[in-house]
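In: have a look at this fold, sequence not included:
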């Protein structure tokens, strides 16, 4: 299974898409549709990372975004969205999605850099001391240690 963290330039959306090994979209979710307080914001970003990390268990997930036909809704669907981070559950590999600045999702990317999951880029130093990034990185490090 592969998971993609989707960000949005215009409105700052954070979403996750999960694909099976044949490349079919099997689940998607958009976080913060109803907004979020500071604590809920951090929890939501941590949940997005958790949903990516456990994508092989997607059959157990509840909810998700579906279209009128009941199929998972594509989140990366226009010129303002893009993949910021990818995870392959078969190889347990995290990779930079190639799109750095698409809303709040960059905080998950920076937290993954702090946690050592992906290589830091040139802009990473600007976010190392950010409280939200640090909280997500601590969550990631705890989760990795519990494996």
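Out: Now that the structure is in, tell me what you want to look at. Every value quoted in this text rests on a predicted model; they were computed, and no experiment measured them.

In: in stretch 78-87, which residues are buried?
Out: 81-87 (16 or more other CB atoms under 10 Å). Bear in mind the C-beta positions are built from the backbone N, C-alpha and C, glycine included.

In: cool, stretch 116-135 as well?
Out: Under 16+ other CB under 10 Å, the buried positions of stretch 116-135 are 117-118, 120, 124, 127, 130, 132-135.

In: avg pLDDT for that stretch?
Out: For stretch 116-135, the mean pLDDT works out to 82.

In: tell me the phi and psi of the nearest residue to residue 106 once chain neighbours are set aside?
Out: Using CB to CB, 6 or more residues apart in numbering and skipping the chain neighbours, the partner closest in space to residue 106 is residue 100 (6.3 Å). Torsion angles at residue 100 (phi, psi; degrees, to the nearest 10) stand at phi -90, psi -40.

In: do you know how far residue 100 is from residue 121?
Out: Going from residue 100 to residue 121 by CB to CB, to the nearest Å gives 7 Å.

In: any weak-confidence spans in this structure?
Out: 11, 33-38, 124, 126-128, 147 (pLDDT under 70).

In: where along it do the strands fall?
Out: Ranges of strands within the chain are 2-8, 14-19, 25-31, 81-88, 93-96, based on DSSP state E.

In: for the protein, what spans make up the helices?
Out: 38-53, 106-114, 131-145 (DSSP state H).

In: and those helices: which comes nearest residue 31?
Out: Closest to residue 31 of the helices of the chain is helix 38-53 (CB to CB; 4.6 Å).

In: tell me what that closest one is packed against?
Out: If contacts are counted by 3 or more CB pairs under 8 Å, 6 or more residues apart in numbering; DSSP states H and E, helix 38-53 sits against strand 2-8, strand 14-19, strand 25-31, strand 81-88, helix 106-114, helix 131-145.
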